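1. Here is a sequence with its predicted model. Questions after.
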Amino acid sequence: MKILLERQSAKPLYLQIRDRISRLIKSGALQSGDRLPSIRSLAESLQVNKLTIIEAYQVLEADGVVCARQGSGYFVNSVIPSANLKSTFAPAQNVIIPEQGTSCFFDMYTAGVHAQSQPGMINFSLGFPHPPKDIDLIARRALRQAPDTLFQYDLPQGQLTLRRQIAQMLIQQGMEVSADNLIITNGSEQGLSLAIQHHIQPGDWVIVETPTYFGAIAILEKLRAKIIGIPMSAEGMNLELLEQYLKSHRPKLIYTISTVQNPTGITTTQAHRQQLLRLAEKYECPILEDNAYEGLCFESVPAPIKALDKQDLVTYIGTFSKTLMPGLRVGYMVVTGKHYQAIIEEKLLHDLHTSTISQAIVSEYLASGHLRRYLNQLRAELLQSRNLMLQALEHYFPEEARWTVPNGGLFLWVQLPDNVPTKTIRIEALSQSVLVACSSVFFPDKQGYPAMRLTFCLTPEEIETAISILGKLLKKHLYKASDRISRPQTLAHSI
Ligand SMILES: Cc1ncc(COP(=O)(O)O)c(C=O)c1O
């Protein structure tokens, strides 16, 4: 491969190499499936250090244009036409204010976990990235670091080293935080629970996006909060409707997932974030910003809402469940101002502190740079899988279906016509070993509109097989349903 390097240029050599290879791919000189030169041979021919080539290849991988295959080198990814990358998501903008409902979180969560270990089952219902392969090595190293402190009781806010590392990570995202604003939690689920309990009394109004993460709905239901579901549009939560309900109902909390929202995968713009914060300030309503998927973005995203917060209105929640391993149960909260002390006192009552061993493992991943490298690879794989799923949807799904095109995370959201019997389709898909989450669980009234959340964190074969099964079922029912003259609306929403 011929690459002319400008050694006097201010542009680092690895970026010059990245740009040249990107151009070769765009021009078609390098095609999908082609193998890039080995690191050693390219380093020799360009007379640069091998690390320069490794860095160039890692950036290409993070850009999603190449992927590493264990033991075989780097290969050009398949590219899909950009027309397929347009979101067609456009749901009706209905506000949902449910009666007090019963939670379906337990059933939904346990079914997803059981399905994970069932051979042959293609599980769309929960998203689990595969864990990094070097966990043994990192865990052993972590345990060797400071055994005397690892095996003792710890502070409720968690280990200082890890809090400092997370603060550093968040500063790079534009937040002004220090270790003293951080609380390490047992996954972000505990962070949600602590923040919601801190801000909400039974009977208080709370704003959520619809659809939204069912684990947060369940906490609100348990606390007997009164939920107002503000619809998601393609740009994020509908801010006009939000303002109306802030004015009329004076809620005590707004729960938002600003980046790669679960389940839609939508990331809001800087302007949307600023406007949301302005409204929260105007109506003195705290925000709970859940950024569980932040580390899985395929491209750079605006700084979190918390980065704009000057009045301690925003509580920020993050987790290593999606970027490392859910089994470690390490999440974190950024809490500023007077709320910090109250929340660590509450955390102490829940479980004293998060496992010191889990904290040490995460800390070692961050210190060694292994997490950064693993994430580059994971994001590239997920981008590839997302593109494959978009292709499969285009190919197999009825043209009436609309879907989002997430710029990260594990899921996309398919909006279906009103007359699609999603419950029946779900049962029929299960009989063909495809498990789909009920869309109803993402709505506080357990109805919402017919839709499917699909994880693309699966193998290419699983994506192709499962999307073709679902596509056939959808077409069968959709075209059968549209033949009928009238159909009761309640049936269409009955999942
Ligand atoms: C938006 C969101 N928040 C929080 C969580 C809880 O994750 P964990 O407790 O594993 O950090 C999840 C899990 O799927 C999620 O999707």
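-> Arrived safely, thanks for sending.

2. near the ligand, which residues of the stretch 51-200 of the chain?
-> 187, 188, 189 (CB under 6 Å from any ligand atom). For every residue, glycine as well, the C-beta is placed using N, CA and C.

3. State the distance from the closest residue to residue 472 other than its chain neighbours to residue 468.
-> Distances taken as CB to CB, 6 or more residues apart in numbering place residue 396 nearest to residue 472, at 7.3 Å, with adjacent residues excluded. For residue 396, the distance to residue 468 equals 5 Å [CB to CB, to the nearest Å].

4. Between the two, tell me which one has more neighbours.
-> The residue with more neighbours, out of residue 396 and residue 468, is residue 396; 18 against 15, by other CB atoms under 10 Å.

5. Contacts only, for the more buried one.
-> 467, 468, 470, 471, 472 (CB atoms under 8 Å, 6 or more residues apart in numbering).

6. what's the helix or strand for the second one?
-> Which is residue 468. Element membership for residue 468 (DSSP states H and E) is helix 460-483.

7. buried ones in that helix?
-> Neighbour counts over helix 460-483 (16 or more other CB atoms under 10 Å) mark 462-467, 469-475, 477-478, 481 as buried.

8. which residues sit against the strand or helix carrying residue 277?
-> In this structure, residue 277 is located in helix 270-282 according to DSSP H and E. Where contact means CB under 8 Å, 6+ apart, the residues beyond helix 270-282 that reach it are 235-237, 239, 242-243, 246, 254, 256, 258, 268, 285-287, 302-305, 308-309, 311, 313-314.

9. and after that helix, which helix or strand comes next?
-> Per DSSP H and E, the helix or strand that comes after helix 270-282 is strand 287-290.

10. still on that earlier bit, what residues of the helix holding residue 277 count as buried?
-> Neighbour-count burial for helix 270-282 flags 272, 273, 275, 276, 277, 279, 280 (criterion: 16+ other CB under 10 Å).

11. what distance separates that helix from the middle of the whole chain?
-> 22 Å (CA atoms, centre = their mean, to the nearest Å).

12. And the average pLDDT for it is what?
-> Average pLDDT, helix 270-282: 98.

13. Test for you: state the pLDDT assigned to residue 84.
-> 63.

14. Quick one: end-to-end length of stretch 3-11, please.
-> Taking CA to CA, to the nearest Å, stretch 3-11 runs 14 Å from one end to the other.

15. for the record, mean pLDDT for it?
-> Mean per-residue pLDDT for stretch 3-11: 86.

16. Use 539 as the first number from now on
-> OK, 539 is where the count begins now, so the last one is stretch 541-549.

17. For it, buried residues please.
-> Under 16+ other CB under 10 Å, the buried positions of stretch 541-549 are residue 541.

18. got the contact list for that stretch?
-> Stretch 541-549 is contacted from outside by 551, 554, 555, 558, 559, 584, 586, using CB under 8 Å, 6+ apart.

19. From the ligand, how far out is the second one?
-> If you measure residue 554 against the ligand using CB to the nearest ligand atom, to the nearest Å, the figure is 39 Å.

20. ditto for the first one
-> Here residue 551 is placed at a distance of 39 Å from the ligand (CB to the nearest ligand atom).

21. how big is the angle separating the longest helix along the chain from helix 998-1021?
-> As assigned by DSSP state H, the longest helix anywhere in the chain is helix 908-934. Regarding helix 908-934 and helix 998-1021, their directions subtend 40 degrees when assessed with axes from the mean of the first three to the mean of the last three CA atoms, to 10 degrees.

22. which residue packs closest to residue 673, ignoring adjacent ones?
-> Of all residues not flanking residue 673 in the chain, residue 863 sits nearest, at 7.3 Å (CB to CB, 6+ apart).

23. What about the one you found, how many residues nearby?
-> 20.

24. Could you tell me the single residue of the stretch 639-788 of the chain that sits nearest to the ligand?
-> Nearest residue of the stretch 639-788 of the chain to the ligand, counting by CB to the nearest ligand atom: residue 725, 2.6 Å away.

25. Check what pLDDT that residue gets.
-> According to the prediction, residue 725 has pLDDT 96.

26. mind checking how far stretch 554-568 is from the chain centre?
-> Using CA atoms, centre = their mean, the mean C-alpha position of stretch 554-568 is found 30 Å from that of the whole chain.

27. Please report how far the residue positioned nearest the centre of the chain lies from residue 984.
-> In the chain, the residue lying closest to the centroid (CA atoms, centre = their mean) is residue 831, at 2.9 Å. According to CB to CB, residue 831 and residue 984 sit 24 Å apart.
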